[in-house]
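In: no sequence for this one, just the structure:
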């Protein structure tokens, strides 16, 4: 209980600071855009590289990760099918699918794993899965759909090699897989820069809330409600069903996968939406509502399975 509440308190405070900055205009008219670009182009890639370069990639091959991967694929597929049927477009459907299954495994998942599950490293498989596979695939889809930089077909096919998030993630995986240990003068500056990623993303998110309409009152109301329902209820239920029926998990392992699946949508999804200028209100409202709804869901999961 303490871990859940403390994790949400940290996020709420930083977002609140961002809201005040936006309300007062402290960073100017372009402040949110600058923070978004900083997080996406510089700090985010540095954080992903340093995290993955030190990671134990063996955690990618575990039953817990398979549960996470399958539950993420299930809820994302539901949103994609709905997007195709309703004609929501590639950009909005991609962002909505991310909001339906991409969990906040970093700044919220780590403290909750530490206090609720007793081991912060339990979010590592989810973090690795998302940054190694989900993020590069989703951003490549946005690039190839024309949301990113324009260019020839050949140039678009090479977009994963030019996307800073994908490059940072894949470079970190290469370093970890090769067993290299980079020296301090290389890693320390990157670590320092990477530490700006989470606060920059949270501040930009908070600034975006100033002047925004109340959630679920705009044109993306149906998309927001669907993504929040899938993220807050659909994914943890799918994880529980897969873990118990297919992988026969119980006790602590079962609690681990359900808790991590019940985490809300990650704040960096708003950074991606802002970077590609697509579905920003959908990302913002989905993150906000899923974060609020996840509090009683996480408390309930911990009480029932803990």
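Out: Thanks, I have it. These figures come from a predicted structure and were not determined experimentally. Numbering: from 1, shown residues only.

In: low-confidence ranges, the protein, go.
Out: Residues of the chain meeting the criterion pLDDT under 70: 1-8, 59-61, 106-111, 114-116, 118-121, 147-163, 212-216, 306.

In: can you tell me which residues contact the residue nearest the centre of it?
Out: Centroid-nearest residue in the chain, with CA atoms, centre = their mean: residue 266, separated by 3.4 Å. Residues near residue 266 by CB atoms under 8 Å, 6 or more residues apart in numbering: 102-106, 130, 287. (Glycine included, C-beta is placed from N, CA and C.)

In: so residue 294 touches residue 263, yeah?
Out: Yes - here residue 294 reaches residue 263: they are 6.4 Å apart, a contact under CB atoms under 8 Å.

In: what's the closest non-adjacent residue to residue 74?
Out: Spatial nearest neighbour of residue 74, chain neighbours left out: residue 238 (4.9 Å); criterion: CB to CB, 6 or more residues apart in numbering.

In: now name the helix or strand holding the one you found.
Out: helix 235-245 (DSSP states H and E).

In: residue 96 too?
Out: Using DSSP H and E, residue 96 falls in helix 90-101.

In: show residues contacting that helix.
Out: The contact list for helix 90-101 (CB under 8 Å, 6+ apart) reads 71-76, 78-80, 83-84, 88, 134, 138, 141-142, 145, 147, 220, 223, 226-228, 230-231, 234-235, 265, 269, 272-273, 276, 278-279, 282-283, 286-287, 290.

In: what number of residues lie near residue 186?
Out: When neighbours are defined as other CB atoms under 10 Å, residue 186 has 11 of them.

In: residues touching it, list them.
Out: No contacts exist for residue 186 under CB under 8 Å, 6+ apart.

In: ok, now how distant is it from residue 192?
Out: Distance from residue 186 to residue 192, counting by CB to CB, to the nearest Å: 12 Å.

In: could you do residue 102 as well?
Out: The value you get for residue 102 to residue 192, if CB to CB is used, is 26 Å.

In: the more surrounded of the two?
Out: A count of neighbours by other CB under 10 Å puts residue 102 above the other of residue 102 and residue 192, at 27 against 12.

In: how about the more buried one: what's its closest non-neighbour residue?
Out: Nearest residue to residue 102, sequence neighbours excluded (CB to CB, 6+ apart): residue 266, at 5.4 Å.

In: now that neighbour: phi and psi?
Out: Backbone geometry at residue 266, expressed as degrees, to the nearest 10, gives phi -80, psi 150.

In: just residue 285 next, same as before
Out: Main-chain torsions, residue 285, degrees, to the nearest 10: phi -70, psi -40.

In: count the residues that sit near it.
Out: 28.

In: hmm, it is touching residue 220, no?
Out: Yes - applying CB under 8 Å as the test, residue 285 and residue 220 come out as touching, 7.0 Å apart.

In: list the contacts of the residue nearest to residue 74.
Out: Counting by CB under 8 Å, 6+ apart, residue 238 touches 70-71, 74-75, 261.

In: take those residues and lay them out in CSV including distance to residue 39.
Out: Putting the contacts of residue 238 into CSV (distance: CB to CB, whole Å) gives the following:
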residue, distance to residue 39
70, 29
71, 27
74, 29
75, 25
261, 25
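
In: of these, which belong to strands?
Out: Per DSSP state E, strands hold no members of the contacts of residue 238.

In: just send these back as CSV, with distance to residue 45 and neighbour count too.
Out: Shown next, in CSV, are the contacts of residue 238 (distance: CB to CB, whole Å; neighbours: other CB atoms under 10 Å):
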residue, distance to residue 45, neighbour count
70, 28, 16
71, 27, 26
74, 29, 19
75, 27, 27
261, 26, 26
